[in-house]
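Q: Need a 3D model of the following:
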Amino acid sequence: MSRSCACSSNVIWCEIHAPVNGSQASAGHTVRVRFRKSAAAVLTSVALVATGTAPAHAAIEPQAYGTSGKQVTLATDKTGGPELKAGLYQAELPNDGSPRTFTINRNQMRTFLASVLTDEREGKALKATGEHKTKVSILDAKGDDCTSDTDTLSKDAALTFLNVNVGVDDDEDVSRGNYLGGTCRESTKLSISIEHNGIPANGRTKAEILLTDEPKGTGSVGSPATVAQTATLKAPDGKVRGEVAPGKGFGDAVTLVAGTHSLKLGVGTQAFYKVRLDWGQRLAATLRVPGKDTNFASPIAVEVSTRIWTPQRIALDANPKDYQYSDSLSMSANSSKGATIGTYTAPVLWANRSAKSESGNEVPQASLQWTTTPGWYYVTVWTRPASFSSSDEPMPDSVPPIPADLNIAVVGDVQQGPTFVNTGGAKLAQPGKGEMSIGQGVQTEAPFPSAKVALSALAVLAAATAVLWALRSRRQA
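A: Model (predicted):
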């Protein structure tokens, strides 16, 4: 929104211009207000206050992850601990690498995945002063290691969360994830051990544990996605949905619907969103930074990246043939040159679990094999300073948020999924057909395009009336 004032004789004319859809071009809505010169100083000040303010700044510091779930206390031994069922939990882990453990009953969870997330923080520091590591292991009843996985942040890396996934697939022919053989596969009780190293070594770190149980599918399970079904997918501009405040974790991720959403990216933050996918559907998340027609230039160099996660919190990758289309970007300081980045999924198909590596696939095999479950798929946007070199100029205490546009598209007709059965062969309920994301589409648009202009004009007119009334009363006195 812009405004200008000019004098002519004993009259001041003020013009307020509001662009359409954020454009600063001539198209838009304009209101002209006429004032007597005797009230000029007061009215001009009121107009400036009513029509524009300086952009707000936010502190540059890593945002704490929003931990969710039922609080649990884990065992301090390598095996044993509370038996946990499918659900969301939170716990505290020591930073010294000593194990914390819980157990899984395989009679109840034949195909399960344990996703362990640790929130890596060092006060308000932006980078790690040493290595952060989370290791998650599966052990059999004897305490023998079956399999394990590790996620690490090296020294000087930007601080964020670590996420480790381990699990068991009841189908021995499925090669995705962790393969268990021998006594591990035959065990009815397995221990999940977590070892965490962080800074300070005598401190503690919050952890979030998601346990998912994937029932067995029977009947018409179909075939894995074809090469054509993995082709690059970009979300076009859609219906403007307004500005959306993000979630701070998977547990409070904000629901998005198809369309264009306005974001304000805080440096040092991870933004969490979610979109519902059904059988046969694909998701595309395309981010334009800075937002369209914003003419924004960040005072510091920043990096922005996007990612899509499955309901089990498996991070999905994409391999577009267009090497210039990426899921991340770097912005130079004081440059308003923007870029479009994004990522996408293959269609959600039960048979993807047995997908093979095919020449020409634009979704890698490891990601394709986990795009198998309808439900909430998560979109994260991570914004952080681009460089931590000691030769860089000092980092400011705060910077304005970066405007961006996030396009969301859900593509594909809803298909009939397989029949789910439990370990005893009894049928289980399936997700409802067409159960798309219908969440809280945040609508911040004015009820009509000229609302902002009208409100600003009313503010100025109200001030003008007050001043003129005061002058009139003074003359009468």
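Q: show me what contacts residue 128?
A: By C-beta atoms under 8 Å, 6 or more residues apart in numbering, the contact set of residue 128 is 120, 122, 153, 154, 155, 156, 157, 158, 159, 199. Backbone N, C-alpha and C define where each C-beta goes, glycine included.
Q: what about the first one, distance to residue 166?
A: Counting by C-beta to C-beta, to the nearest Å, the gap between residue 120 and residue 166 amounts to 19 Å.
Q: Excluding sequence neighbours, find me the nearest residue to residue 314.
A: residue 370 (4.3 Å; C-beta to C-beta, 6 or more residues apart in numbering).
Q: what pLDDT does that neighbour get?
A: What the model reports as pLDDT for residue 370 is 93.
Q: how far away is it from residue 354?
A: Noted for residue 370: a distance of 12 Å to residue 354, by C-beta to C-beta.
Q: Could you do residue 233 as well?
A: The gap separating residue 233 from residue 354 is 23 Å, by C-beta to C-beta.
Q: Pick out whichever of these two has more residues nearby.
A: A count of neighbours by other C-beta atoms under 10 Å puts residue 233 above the other of residue 233 and residue 354, at 23 against 17.
Q: Could you double-check that residue 164 sits in contact with residue 151?
A: Yes: using C-beta atoms under 8 Å, residue 164 makes contact with residue 151 at a distance of 4.9 Å.
Q: Between the two, which is the more surrounded one?
A: Remark: of residue 164 and residue 151, residue 164 carries more neighbours, 22 against 18, as counted by other C-beta under 10 Å.
Q: Now that one: which helix or strand?
A: strand 161-168 (DSSP states H and E).
Q: and that strand, what other elements does it pack with?
A: If contacts are counted by 3 or more C-beta pairs under 8 Å, 6 or more residues apart in numbering; DSSP states H and E, strand 161-168 sits against strand 112-119, strand 132-139, strand 145-153.
Q: Turn those strands into TSV, including distance to residue 301 and mean pLDDT.
A: As requested, those are arranged in TSV below (distance: least, C-beta to C-beta, whole Å; pLDDT from 0 to 100):
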stretch	distance to residue 301	mean pLDDT
strand 112-119	25	95
strand 132-139	24	96
strand 145-153	21	94
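Q: To residue 289, which of those lies closest?
A: Counting by C-beta to C-beta, residue 289 lies closest to strand 145-153 out of these; the figure is 24.1 Å.
Q: number of nearby residues for residue 154?
A: Residue 154 - counted by other C-beta under 10 Å - has 10 other residues nearby.
Q: thinking it is in contact with residue 131, fair?
A: Yes: using C-beta under 8 Å, residue 154 makes contact with residue 131 at a distance of 5.9 Å.
Q: so where's the stretch 251-400 of the chain uncertain?
A: Counting by pLDDT under 70, the ranges of the stretch 251-400 of the chain that qualify are 387-393.
Q: what are the ranges of the helices in it?
A: 365-368 (DSSP state H, counting those that start in this stretch).
Q: swap in the stretch 1-150 of the chain?
A: Under DSSP H, counting those that start in this stretch, the stretch 1-150 of the chain gives helices at 40-51.
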